[in-house]
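1. 3D model of this:
(4 chains)
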There are 2 protein chains.
Amino acid sequence: MPKLVDHEERRAHIVDALLRSAARDGLHSVTMRSVATEAGVSVRLVQYYFDTKEKLLLDAMTRLTGRMGERVRHRVRATGAGTDPRGIIEAVLLEAVPTDDESRAFHLIHTEYAVLSVTDRALADQAFLAAPNEMEAFLAAHLATARRAGDTDPTVDPHREAAVLLATSAGLGLSVLLGQRTPEEAIATLRYHLDRAFPTTD
Amino acid sequence: MPKLVDHEERRAHIVDALLRSAARDGLHSVTMRSVATEAGVSVRLVQYYFDTKEKLLLDAMTRLTGRMGERVRHRVRATGAGTDPRGIIEAVLLEAVPTDDESRAFHLIHTEYAVLSVTDRALADQAFLAAPNEMEAFLAAHLATARRAGDTDPTVDPHREAAVLLATSAGLGLSVLLGQRTPEEAIATLRYHLDRAFPTTD
DNA sequence: GTTTTGATGGTATGGTTGTACCACAAAAGT
DNA sequence: ACTTTTGTGGTACAACCATACCATCAAAAC
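-> Numbers count the residues shown, from 1 in each chain, chains lettered A, B, ... in the order given. You can find the predicted model right below:
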């Protein structure tokens, strides 16, 4: 064998190129050629490591959702909120607002994948339902904890509110992506809503 | 001249075909040929009435947003809420939840256009900001009216709450589109949130 | 030292796409 | 009656796409 190459590293490198290309020109304009060029390799190499375009797109999506999950977990940890429900919930929701370039790219491509999955059979089977459901249960659990501690407004129903929070942050994130709102406005709006759910007792 | 054809009618017919095709296979797989076939006309005719694909897509989007606006106004009127703020607001927000096939198609295609506009220069200039801003002002005004009448929770800020409501309904609508939620669940979630903003005084 | 074999480049191929071009029929204008 | 003009069909064309195929080269295996 020749250079004895680390396949995992090569694949990651190519997927990175795809994500850059997709963030710039849109997922729809991603081609084998554009990815190869962006990655600085030949088209043949992309074929070699991913065989077909569909597999490449699938792998890219898997890696993308993985990294987005990492970002959420990292942010929750970095918040240092410990077990404070409001802090944890806020950290999770704020990650849905694209601020830096990376999160903007991630959310744009993720949304493009999501919308594509509605009409694309190959993508439809992917995990576009697992992650949100998990997230909703996670938020509901923390809301329930806060409620038991008497920290939430009495009209807050943990399960329903978790759905509202997720939908709100998704909607706000999308509006930031579309340029309808600045990230700062989105964050302020989110905080306003959390303040209503977690009233300060004074 | 020959048959003396109504251009407006022909254009509407072709755009209808485009919307059907886009709802079924996705906006990305819409081609001059697929639209022509769906409309039962020749490709040449599509060219004749729209010249270029870009113009066709632009016109289709304009007509789409127009019809969506009509649906909202029609629903508000049909609600018979008169000037009751909560009724009007609920009617507007519920229109964002895809229930029947037509609204599902409309919202899917609209979302595809919106996401496309992030990376597509030709679409970026279009009115993806005017409509939401107008809607937000509309909701804020009715919230303010309700607030003056003492019908809203005191912690509700009309302007911020309008943003939250719009984001929530957009997020819920998207989740229905993605199959994460049933329309009924989305509606119940929306009503739950409105109940918190408009507490029943008993 | 020879033979595998993994990694790469280049290129051919069959299909699709948007659009330009050519032709023609039929009604309107004169 | 003849000439525009308008609607329509068919088709050609250049570009691009995903993918299959062919060739090569170097390092590991033996």
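2. Go ahead and confirm A:Ala131 touches A:Thr65.
-> Yes: using CB atoms under 8 Å, A:Ala131 is in contact with A:Thr65, at 6.5 Å. Where you see a C-beta, it was placed from the backbone N, CA and C, and this is true even at glycine.
3. How about the residues of chain A by DNA strand C?
-> A:1-5, A:7, A:10, A:41-45, A:47-48 (CB under 7 Å from any atom of the strand).
4. any chance of these in CSV, plus secondary structure, neighbour count and distance to DNA strand D?
-> Shown next, in CSV, are those (DSSP: H, G, I helix; E, B strand; the rest coil; neighbours: other CB atoms under 10 Å in any protein chain shown; distance: CB to the nearest atom of the strand, whole Å):
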residue, secondary structure, neighbour count, distance to DNA strand D
A:Met1, coil, 4, 5
A:Pro2, coil, 4, 4
A:Lys3, coil, 5, 6
A:Leu4, coil, 5, 5
A:Val5, coil, 10, 10
A:His7, helix, 9, 15
A:Arg10, helix, 17, 16
A:Val41, coil, 17, 13
A:Ser42, coil, 12, 9
A:Val43, helix, 14, 5
A:Arg44, helix, 10, 5
A:Leu45, helix, 15, 10
A:Gln47, helix, 14, 6
A:Tyr48, helix, 13, 8
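5. neighbour-wise, which of A:Ala131 and A:Thr65 wins?
-> When A:Ala131 and A:Thr65 are compared for neighbours, A:Thr65 comes out ahead with 18 against 15, by other CB atoms under 10 Å in any protein chain shown.
6. What's the local residue count around A:Glu185?
-> There are 16 residues near A:Glu185, going by other CB under 10 Å.
7. next one: the one 3 residues further on
-> Using other CB under 10 Å, A:Ala188 has 14 neighbouring residues.
8. which non-adjacent residue is nearest A:Ala163?
-> Counting by CB to CB, 6 or more residues apart in numbering or on different chains, A:Ala163 lies nearest to B:Thr189, which is 4.7 Å off, once chain neighbours are set aside.
9. Would you mind confirming that the one you found is in contact with A:Ala162?
-> No: shown here, B:Thr189 and A:Ala162 do not form a contact pair, counting by CB under 8 Å, at 9.6 Å.
10. So the two - more neighbours on which side?
-> More neighbours surround B:Thr189 than the other of B:Thr189 and A:Ala162, with 26 against 23 (other CB under 10 Å).
11. Report the secondary structure element holding that one.
-> Using DSSP states H and E, B:Thr189 falls within helix B:183-197.
12. For that helix, which outside residues touch it?
-> Helix B:183-197 is contacted from outside by A:153, A:155-157, A:160-161, A:163-164, A:167, A:196, B:86, B:89-90, B:93-94, B:97-99, B:143, B:152-153, B:156, B:161, B:165, B:168-169, B:172-173, B:175-176, B:181, using CB atoms under 8 Å, 6 or more residues apart in numbering or on different chains.
13. now the strands for chain A?
-> Remark: no strands are assigned in chain A by DSSP state E.
14. so how far is DNA strand D from A:Asn31?
-> Wrong residue type there; residue A:31 is Thr, not Asn. For A:Thr31, the distance to DNA strand D equals 3 Å [CB to the nearest atom of the strand, to the nearest Å].
15. Equivalent analysis for A:Asp153, please.
-> Taking CB to the nearest atom of the strand, one finds A:Asp153 at 51 Å from DNA strand D.
16. May I ask you to confirm that A:Val15 is in contact with A:Leu58?
-> No: contact criterion CB under 8 Å: A:Val15 and A:Leu58 do not qualify, at 10.6 Å.
17. of those two, who's got more company?
-> Ranked by neighbour count (other CB under 10 Å), A:Val15 and A:Leu58 place A:Val15 first, with 22 against 17.
18. ok, now which ones touch that one?
-> With CB under 8 Å, 6+ apart, A:Val15 has these contacts: A:56, A:59-60, A:63.
19. can you check A:Arg10 too?
-> Contacts of A:Arg10 (CB under 8 Å, 6+ apart): A:45, A:49.
20. Show the pLDDT at it.
-> Looking at A:Arg10, its pLDDT stands at 97.
21. Ok, A:Pro132 next?
-> Taking A:Pro132 on its own, its pLDDT is 89.
22. doesn't A:Ala167 make contact with it?
-> No: using CB under 8 Å as the test, A:Pro132 is too far from A:Ala167 to be in contact (9.8 Å).
23. What are the buried residues along the helix or strand of chain A with the lowest mean pLDDT?
-> In chain A, no helix or strand scores lower on mean pLDDT, DSSP states H and E than helix A:121-124, which sits at a mean of 87. By neighbour count on 16 or more other CB atoms under 10 Å in any protein chain shown, the buried set for helix A:121-124 is A:Leu123.
24. One more: stretch A:114-129?
-> For stretch A:114-129, using 16+ other CB under 10 Å, the buried residues are A:114-120, A:123, A:126, A:128.
25. chain center to it: distance?
-> Relative to its chain's centre, stretch A:114-129 lies at 15 Å (CA atoms, centre = their mean, to the nearest Å).
26. Do any residues in that stretch lie close to DNA strand D?
-> No: Stretch A:114-129 lies out of reach of DNA strand D by CB under 7 Å from any atom of the strand, never closer than 10.6 Å.
27. Can that stretch be said to contact chain B?
-> Yes: applying CB under 8 Å from any CB of the partner chain, one finds stretch A:114-129 in contact with chain B at A:114-120, A:128-129.
28. Find the centremost residue of chain A, please.
-> The residue lying closest to the centre of chain A (CA atoms, centre = their mean) is A:Met68, at 4.4 Å.
29. okay, that one: pLDDT?
-> pLDDT recorded at A:Met68 is 96.
30. Repeat that for A:Asp202.
-> As predicted, A:Asp202 sits at a pLDDT of 60.
31. For the residue lying closest to A:Val72 once chain neighbours are set aside, which residues are in contact?
-> Nearest residue to A:Val72, sequence neighbours excluded (CB to CB, 6+ apart): A:Glu95, at 4.8 Å. For A:Glu95, the residues meeting the contact criterion (CB under 8 Å, 6+ apart) are A:68, A:71-72, A:75, A:103.
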